[in-house]
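Chemist: here you go, sequence then predicted model.
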Amino acid sequence: MSTDPKNIDQIKVVMAGALLELRELIDVDVDQEGAFTKVVCLFLHAIISTAADLAELSSPGAKQYIFSDIEAGKRAGGLKAIHELGVDYPVSNIKPDDMENAMNYLGRAMSTALFKGLYELPKPLQSEEILLRAIEALLANLLNQRFSNLDNPHDILDSFCEHVHMNLDDLQQLRRLH
């Protein structure tokens, strides 16, 4: 997003005008408690959904980026705060040097997405077998796309397996302690 003050001001003017037109269109009395807030929410949902759908058509995956960016903007304090911060406002609130929390954050996000996708499948396909095959396909695609030009992806996979084994050993030790 451009942080040019002229662009920010122009966006505010356009949005205020559109909101006033929307209020007139649905004939809401702004003095009515809560009515105007509902109009604003409807307006924002319509704009966000439409913009995200349009972006997704031209760039698959853009919808999720847009929704994450909106969440980050909300956490940062809205348009004024974003303008003051520039575009560096992560959704996760993880410090740039905190590798462990970043790794855990991504792991939880991937796990959530994987299980959400699993339960969107027809009931007969909701199995551990499908989950395992999905992870295998994801890993193979990632290794091929990200590491095929650096080294042998099989070497990366071997290193990956070593780390998985270490993490499994750590989890088993934690289970024994509890």
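Modeler: Perfect, I can see it now.
Chemist: which stretches of this structure form helices?
Modeler: Ranges of helices in the chain, per DSSP state H, are 5-26, 35-58, 62-76, 79-85, 99-120, 128-147, 153-177.
Chemist: could you dump the ones you listed into JSON lines with mean pLDDT and mean neighbour count added?
Modeler: Every residue, glycine included, has its C-beta placed from N, CA and C. What follows is the helices of the chain, written out as JSON lines (pLDDT from 0 to 100; neighbours: other CB atoms under 10 Å):
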{"stretch": "helix 5-26", "mean pLDDT": "77", "mean neighbour count": "12"}
{"stretch": "helix 35-58", "mean pLDDT": "82", "mean neighbour count": "13"}
{"stretch": "helix 62-76", "mean pLDDT": "76", "mean neighbour count": "15"}
{"stretch": "helix 79-85", "mean pLDDT": "65", "mean neighbour count": "14"}
{"stretch": "helix 99-120", "mean pLDDT": "83", "mean neighbour count": "12"}
{"stretch": "helix 128-147", "mean pLDDT": "86", "mean neighbour count": "12"}
{"stretch": "helix 153-177", "mean pLDDT": "86", "mean neighbour count": "11"}
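Chemist: gap between residue 116 and residue 64?
Modeler: To residue 64, residue 116 is 12 Å away according to CB to CB, to the nearest Å.
Chemist: what do you get for residue 17?
Modeler: 30 Å.
Chemist: check residue 70 too.
Modeler: In terms of CB to CB, residue 70 sits 11 Å off from residue 64.
Chemist: ok, now residue 171?
Modeler: 29 Å.
Chemist: now swap in residue 169 and tell me
Modeler: Using CB to CB, residue 169 is found at 34 Å from residue 64.
Chemist: and residue 143, by the same measure?
Modeler: 22 Å.
Chemist: what's the answer for residue 20, then?
Modeler: 31 Å.
Chemist: outline the domain layout of the chain.
Modeler: Structural domains assigned to the chain are 5-85, 99-177, following automatic domain parsing.
Chemist: and the last one, how far out from the chain middle?
Modeler: Per CA atoms, centre = their mean, to the nearest Å, the displacement of domain 99-177 from the mean C-alpha position of its chain is 18 Å.
Chemist: so residue 121 touches residue 127, yeah?
Modeler: No: with contact defined as CB atoms under 8 Å, residue 121 does not count as touching residue 127 (9.1 Å).
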